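structure for this input, please:
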Amino acid sequence: MKPQRILIALIGLSAALSAASVSFSFAWYASATRLRVETIQIVADPNRSLLISNAEEGEYKEHLVKEDLNPIGFLTPVSTCFQDSWLGQEDMPRFYDMSFAAGNNKIPLRHEANPDGYFSQELWLKCDTDAIIGIDAQDTTITSDEEKNAEYASYLAAEYPEHTYEQHLERLNKAKDCGRVSVLVDDNYGIFDPNYNEEIVYFAGPLDNGNNRFYDTYIDRDDGREYEVCYGEYAEGKSVDDLVYAPVGDEDVHPSDEYTAFVANHKAGSYQLDFEASKHCFATEPRLGEKDLGPFDQNPPFQFNINAFEPKRIVVSFYLEGWDLDSVNGAMGASCDLNLSFKILRER
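As a prediction, the model looks like this:
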């Protein structure tokens, strides 16, 4: 049977350049960068049996347009870390903002992201047969709008000549790499990265949220010593007490790469978090790539049932994963296109 699809297309992702974010030095976590979705469409193939609606008792039709959907505000990097705190207990996904400095806290406070910083909406699917639905990886993409990026790179090169046109363009075209699509159905939550690579995205580590080009530190109340803060989520069974720290240095340690919230100086007199030795303590992003979803005749890890003529509630989200190392200021102002496609894996 030929796969049947519903296509969700977010087109024309562009950025509103903030005057507070012109250095291109720090990650989005440590800036006021904003992204804006210009247009959004949700389209169902008119020749297929899948239909979509923005209300359970609403009109099921072939496509939805921006006016049918929730207002889309400015987008900022968020994260799906701490997923276990809500999955299976709540009917909407939670996203977290990791940009808050820890102050002198050994364990940073957890901050929920502003809902305007990501797109998330419940929708309903309806089919004329009992079926198993999945994401069509081949038709789900986040791609750069190279024409718009080239135009904006020319502007940036004139305004910020510390980087060449080619460097600006390369950064803008990498904005797509931190984009994610997620779908929540019942207690099943799938995160899809259309530009998946083999690099692990760790949900924890040191950050420069203080914008001073040094990793944030705290003074331990028990021993009075200064340690680098570890932000984010720990792996199951691990805690701050399992982290590995290097010996105290007498001089600041400077990075060889450009400064971002992920790349900063190690402060003299403080205990440096040994990221490599502590990796086993960090939770990782459970994202799926095209190879994980497989061809039509396989059983991908993310799939869900739909009963004939019964509305099926789903929550579709589009966001920028802030723990992805591509989530940096250099991509500010980028334009991207997103296509999300559902398919019938097989009839039941």
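
all strands of the stretch 151-300 of the chain, in order?
Secondary structure of the stretch 151-300 of the chain (DSSP state E, counting those that start in this stretch): strands at 179-185, 188-192, 204-205, 217-219, 226-228, 231-232, 287-288.

just the CA atoms of the longest one, as PDB, please.
As requested, C-alpha coordinates have been extracted for strand 179-185 and formatted as PDB (Å, rounded to 0.1, in the frame of the first residue of the first chain):
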ATOM      1  CA  GLY A 179      16.000  22.700  14.900                       C
ATOM      2  CA  ARG A 180      13.800  19.900  16.200                       C
ATOM      3  CA  VAL A 181      10.300  18.600  15.600                       C
ATOM      4  CA  SER A 182       8.600  16.700  18.400                       C
ATOM      5  CA  VAL A 183       5.300  14.900  18.500                       C
ATOM      6  CA  LEU A 184       3.400  13.900  21.700                       C
ATOM      7  CA  VAL A 185       0.800  11.200  21.400                       C
END
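
give the pairing partners of it; include direction for each.
Here strand 179-185 is paired, per DSSP bridges, with strand 188-192 (antiparallel), strand 312-320 (antiparallel).

how about the last one?
Counting by DSSP bridges, the strands paired with strand 287-288 are strand 188-192 (parallel).

same question, the fourth one
Each strand that strand 217-219 pairs with, and the sense of that pairing, follows from DSSP bridges: strand 226-228 (antiparallel).

now do the buried residues in the partner strand.
Residues of strand 226-228 classed as buried: 226-228 (neighbour count, 16 or more other CB atoms under 10 Å). (C-beta placed from N, C-alpha, C; glycine too.)

JSON lines for those, including distance to residue 64 and pLDDT?
Shown next, in JSON lines, are the buried residues of strand 226-228 (distance: CB to CB, whole Å; pLDDT from 0 to 100):
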{"residue": "226", "distance to residue 64": "53", "pLDDT": "97"}
{"residue": "227", "distance to residue 64": "50", "pLDDT": "97"}
{"residue": "228", "distance to residue 64": "46", "pLDDT": "97"}
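
just for the stretch 1-150 of the chain, where's the confidence low?
1-48, 73-75 (pLDDT under 70).

does residue 262 really touch residue 204, like I thought?
No: the pair residue 262 / residue 204 is not scored as a contact, 11.7 Å apart, by CB atoms under 8 Å.

which of those two has more neighbours?
residue 204 (25 against 22; other CB atoms under 10 Å).

ok, so what distance separates the closest residue to residue 227 other than its chain neighbours from residue 220?
Closest residue in space to residue 227, ignoring its immediate chain neighbours: residue 271 at 4.6 Å, by CB to CB, 6 or more residues apart in numbering. Distance from residue 271 to residue 220, counting by CB to CB, to the nearest Å: 9 Å.

more crowded one of these two?
Set residue 271 next to residue 220 and count neighbours by other CB under 10 Å: residue 271 wins out with 20 against 13.

and the strands paired with strand 179-185: which comes nearest residue 345?
Ranking the strands paired with strand 179-185 by proximity to residue 345 (CB to CB) places strand 188-192 first, at 13.1 Å.

what residues does that closest one touch?
Contacts of strand 188-192 with the rest of the structure, by CB atoms under 8 Å, 6 or more residues apart in numbering, involve 80, 83, 87, 93, 135, 137, 140, 180-183, 285-289, 293, 301-302, 304.

would you mind listing which of those residues are buried?
Judged by 16+ other CB under 10 Å, buried ones among the contacts of strand 188-192: 80, 83, 93, 135, 137, 140, 180-183, 285, 287-288, 293, 302, 304.

can you show me the helices along the stretch 151-300 of the chain?
Counting by DSSP state H, counting those that start in this stretch, residue ranges of the helices within the stretch 151-300 of the chain are 165-173, 275-278, 290-293.

which parts of the longest one are buried?
Just to be clear, that refers to helix 165-173. 167-169, 171-173.

tabulate the helices of the stretch 151-300 of the chain (a markdown table), appending mean pLDDT and distance to residue 152.
A markdown table is the format used below for the helices of the stretch 151-300 of the chain (pLDDT from 0 to 100; distance: least, CB to CB, whole Å):
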| stretch | mean pLDDT | distance to residue 152 |
| --- | --- | --- |
| helix 165-173 | 89 | 6 |
| helix 275-278 | 97 | 33 |
| helix 290-293 | 86 | 28 |
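
dump the ones you listed to JSON lines, plus distance to residue 49.
Converted to JSON lines, the helices of the stretch 151-300 of the chain look like this (distance: least, CB to CB, whole Å):
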{"stretch": "helix 165-173", "distance to residue 49": "38"}
{"stretch": "helix 275-278", "distance to residue 49": "50"}
{"stretch": "helix 290-293", "distance to residue 49": "21"}
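
hang on, residue 249 packs against residue 266?
Yes: Residue 249 lies in contact with residue 266 (CB under 8 Å); the separation is 6.8 Å.

now the common contact residues for the two.
Joint contacts of residue 249 and residue 266 (CB under 8 Å, 6+ apart) are residue 272.
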